[in-house]
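Undergrad: Prediction below, plus the sequence it came from.
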Amino acid sequence: MPKKVLVIGSGPGGYPAALRLKELGAEVSIVEAWDFGGTCLNRGCIPSKAFLDTGHRVHAFEGLRKLLKDGSGVNFTPAMLDWDKVKARRADVITKLRTSLEKLFLAKKIEVLRGKAAFTGPNEVTVTGPQGAVKKQFDFAVLSAGTRPSFPPPFRDYHSELTDSDRVFDLPRLPKSVLIVGGGVIGLEFACFFNAIGVEVSVLEILPDILVGEDPQVTRAVRSSFEKRGVKFYLGKKAAKIVISGGRKTVELEDGSKLEAEEILVGAGRAADLTGMGMETIGLAWDRKGVKVNDRMLTSVPNIYAVGDVNGISLLAHSATRQGEIAAENIMGADHAFDPDIVPKCVYAWPEVGSVGLNKAQAEAKGLAVKTSRAFYLGIGKAVATEETEGFAQLVFDAADDTVLGAQIVGGPATELIHVLALAVKLKLKRKDLREIIYAHPTMAEAIHEALAK
């Protein structure tokens, strides 16, 4: 008899788990309370990239001005963008991808249950949806319920009057100014987009710097680039009070200063919310960080796995996908572990950021003696020819044997190039191994080659 596996959530963790389970011979059912694709497809990765692409087109056009004939195109301004058309393009992208995903489930003969799942026993859930309340038995379950935007105090008291990374895509009109709470990936990507299309942007971050955990060279380069384009940063500042009056929103800081904007976007991370899912019924504890799992994605309940944002290990769509595949394979008899050290971390603003493995500070904190090598795009032919000279490629090596421990890339197609170095970290390649690769000329990847020669 095939194993009966229930997958809860069809996001980037859930749907790859379901597909892999089906491929390996399981009888698979998937539960979705909302739209297929989860946060990533509907409210995160994909719609934000559609927005960013619009912003990048505006940014690129601005760069063309000096090549136009005198008097040509000078009347174009970001204010000419039609906000409704920008939103409609994003919606069209989502619909195309969601429809493809739904067709894939149908083609693979994966049972789809619409509604909210709640555990009613160690091998049973009740799915409440359009079809009423339906009980579903399973041998194993993969929990991939995702997370929700987190609203720290004092912003949580004004949840309905502020926007977040879920609701920003449906703003009825484009604000003239926006204050973004949070200097992480979410906050910076929206800061980049809004700045590019002519919105006045400020970023409020409670920590001393943006992109916590990144190499200081990376954060310095990104912050400097944003500031040159007019984004204002308020770092190491804590909000004390919110005042909303006459269409303006004001944040009063603990130091007495005030920040005012037409819209406040809270992008201070995400938190798990498994309320109403019957977790207590099966004795599965959770908090806002999620459900605890081991490196096999197994929870404290022997037949329940948890993947993606809901386990809090790595709140990235590609991490969720790999975790979903690992859970599926382990349910079907394998013994695979998730390795967070080879997960690429990406920022899709401009300049782009891609990092993997350890940076210098992280390696030294582990007691390792390290050396770094860095090459700037200013010296790369392709970068100069395309006027993409902002940024660098940096590699971190074990000083003892030149093993690649990590890498950080700022600028260019950083989110694409980082995969070469993720492979190097996984395979524990050495400097000489990477130097033996022939890097095509002219390419931005030559920055890696130049860094290896330092």
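TA: Cool, the structure landed. Given the structure is predicted, the values throughout are model-derived calculations rather than measurements.

Undergrad: Confirm that R65 sits in a helix.
TA: Yes: membership of R65 in a helix is supported by DSSP: H, G, I helix; E, B strand; the rest coil.

Undergrad: Roughly how far does it sit from H59?
TA: R65 sits 11 Å away from H59, going by Cβ to Cβ, to the nearest Å. For the C-beta atoms, the positions are set from N, CA and C on the backbone; glycine is no exception.

Undergrad: who has more neighbours, the two?
TA: Ranked by neighbour count (other Cβ atoms under 10 Å), R65 and H59 place H59 first, with 18 against 11.

Undergrad: In which helix or strand does that one reside?
TA: In this structure, H59 sits in helix 45-64 according to DSSP states H and E.

Undergrad: again with A91
TA: According to DSSP H and E, A91 maps onto helix 83-107.

Undergrad: Residues in contact with that helix: which ones?
TA: Residues outside helix 83-107 that contact it (Cβ atoms under 8 Å, 6 or more residues apart in numbering) are 10, 15, 18-19, 30, 35-37, 41-42, 46-47, 50-51, 54, 112, 169-171, 173-174, 197.

Undergrad: make it 6 Å
TA: For helix 83-107, contacts defined as Cβ atoms under 6 Å, 6 or more residues apart in numbering pick out F36, G37, L41, N42, P47, A50, T54, V112, L174.

Undergrad: mind checking how far the first one is from D82?
TA: Taking Cβ to Cβ as the measure, F36 falls 28 Å from D82.

Undergrad: what about the two, which has more around it?
TA: Neighbours were counted for F36 and for D82 using other Cβ under 10 Å; F36 has more, 22 against 10.

Undergrad: isn't the more buried one right next to S10, touching?
TA: Yes: if you go by Cβ atoms under 6 Å, F36 and S10 touch, sitting 4.7 Å apart.

Undergrad: Show me what the helix holding H59 is packed against.
TA: For helix 45-64, the contact count by 3 or more Cβ pairs under 6 Å, 6 or more residues apart in numbering; DSSP states H and E identifies helix 83-107, helix 185-196 as packing neighbours.

Undergrad: Most tightly packed of the ones you listed?
TA: Among those, ranked by average contacts under mean count of other Cβ atoms under 10 Å, first place goes to helix 185-196 (a mean of 24).

Undergrad: any idea which helix or strand comes after it?
TA: Per DSSP H and E, helix 185-196 leads on to strand 200-205 as the next helix or strand towards the C-terminus.

Undergrad: and the angle from the following helix or strand past that following strand to strand 200-205?
TA: For strand 200-205, the following helix or strand on the C-terminal side (DSSP H and E) is helix 216-228. In terms of direction (axes from the mean of the first three to the mean of the last three Cα atoms, to 10 degrees), helix 216-228 departs from strand 200-205 by 150 degrees.

Undergrad: List the contacts of helix 216-228.
TA: Helix 216-228 is contacted by residues D209, I210, L211, P351, V353, E390, Q408, V410 when judged by Cβ under 6 Å, 6+ apart.

Undergrad: out of those, who's nearest P442?
TA: Checking those against P442 by Cβ to Cβ gives E390 as the nearest, at 16.9 Å.

Undergrad: who touches the closest one in this structure?
TA: S225, P351, G411.

Undergrad: circling back: moving C-terminal of the helix holding A91, what's the next helix or strand?
TA: Where DSSP H and E defines the elements, the next helix or strand beyond helix 83-107 is strand 111-114.

Undergrad: Give me the mean pLDDT for that following strand.
TA: The average of the pLDDT scores along strand 111-114 is 94.

Undergrad: Output the contacting helices and strands for it.
TA: Applying 3+ Cβ pairs under 6 Å, 6+ apart, one finds that strand 111-114 makes contact with strand 27-32.

Undergrad: please redo it, this time with the cut-off set to 10 Å
TA: Taking 3 or more Cβ pairs under 10 Å, 6 or more residues apart in numbering; DSSP states H and E as contact, the helices and strands that strand 111-114 lies on are strand 4-8, strand 27-32, helix 83-107, strand 124-129, strand 132-137.

Undergrad: residues contacting A118?
TA: 8, 124-128, 133, 274, 276-279, 281 (Cβ atoms under 10 Å, 6 or more residues apart in numbering).

Undergrad: any idea which of these is closest to M1?
TA: Of all the contacts of A118, M1 sits closest to E124, with 17.4 Å by Cβ to Cβ.

Undergrad: Can you give me the buried ones in stretch 384-397?
TA: Neighbour counts over stretch 384-397 (16 or more other Cβ atoms under 10 Å) mark E388, T389, E390, G391, F392, A393, Q394, L395, V396, F397 as buried.

Undergrad: Using CSV, write out every CA atom in that stretch.
TA: Output of stretch 384-397 as CSV, limited to C-alpha atoms (Å, rounded to 0.1, in the frame of the first residue of the first chain):
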residue,chain,number,x,y,z
VAL,A,384,32.5,49.4,-17.7
ALA,A,385,30.9,48.8,-21.1
THR,A,386,27.4,48.5,-19.7
GLU,A,387,27.9,51.2,-17.0
GLU,A,388,27.3,48.7,-14.2
THR,A,389,30.4,49.5,-12.2
GLU,A,390,28.8,49.6,-8.8
GLY,A,391,29.8,46.8,-6.5
PHE,A,392,32.3,44.0,-6.1
ALA,A,393,32.8,40.2,-5.7
GLN,A,394,34.4,39.0,-2.5
LEU,A,395,35.5,35.6,-1.5
VAL,A,396,36.3,34.2,2.0
PHE,A,397,39.0,31.5,2.3
